[in-house]
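Enquirer: okay, predicted coordinates and the sequence, questions at the end:
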Amino acid sequence: MAVTVVVGNPKPASRTLTAATQLAESLCPDVAPDVVELVSFGHGLLSWGDPQVTEAVRTVAASELVVFASPTFKATYTGLLKLFLEQFDGGTGLSGVLAVPLMLGAGPAHALAPDLLLKPVLVELGATTALPGLYLSDRTFADDGVIADYSLRWRPVVQALTAEAGVPNHG
């Protein structure tokens, strides 16, 4: 099974990266996730055909499970993540991918952002979004048990919807 974490935080090695990696590892404990940290692409995200971005798009499209993670920025996900998602074909670019939207924020005011703002874009690109989005406190996620509780609840669904259940893979 291929698992990938896509991180749209403009700061490298961020809390967003930590939370997304923990979530992916908790949902699929036997698989080390590939990590796509979008900040590393710099201006490559601003045009079509950048080799590193193209390879990242292939990696994501070939994954059975992808955690798409962003800090909450101006009440939504970051422009870095938006630029990356623009690289996928509408309707089919994420076909066969089980996508989990994950966002971090300072308070509960934007707790619905993963489901209301990020999930529809992932659906538009063809992803399966059967799991609810996850919103985490950027200050407490490491200790509050929310990732563990979410994973305990949704790990059987992930297993049922991924390679073991015959979800097509583009790889």
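Expert: Structure received. These figures come from a predicted structure and were not determined experimentally.
Enquirer: need the three-state assignment for the spatially most central residue of the chain.
Expert: Residue closest to the average C-alpha location in the chain (CA atoms, centre = their mean): residue 68, at 1.3 Å. At residue 68 the chain is in strand, as set by DSSP: H, G, I helix; E, B strand; the rest coil.
Enquirer: the residue nearest to it when sequence neighbours are not counted and residue 131, how far apart?
Expert: In this structure, residue 68 finds its nearest non-sequential neighbour in residue 6, 5.0 Å apart by CB to CB, 6 or more residues apart in numbering. C-beta: built from backbone N, CA, C; applies to glycine. Per CB to CB, to the nearest Å, residue 6 is found 15 Å from residue 131.
Enquirer: higher neighbour count, these two?
Expert: residue 6 (26 against 20; other CB atoms under 10 Å).
Enquirer: where does that one fall, secondary structure wise?
Expert: strand 3-7 (DSSP states H and E).
Enquirer: can you tell me what sits against that strand?
Expert: 14, 16-17, 20-21, 23-24, 27-28, 31-39, 56, 59-60, 63-70, 81, 84 (CB atoms under 8 Å, 6 or more residues apart in numbering).
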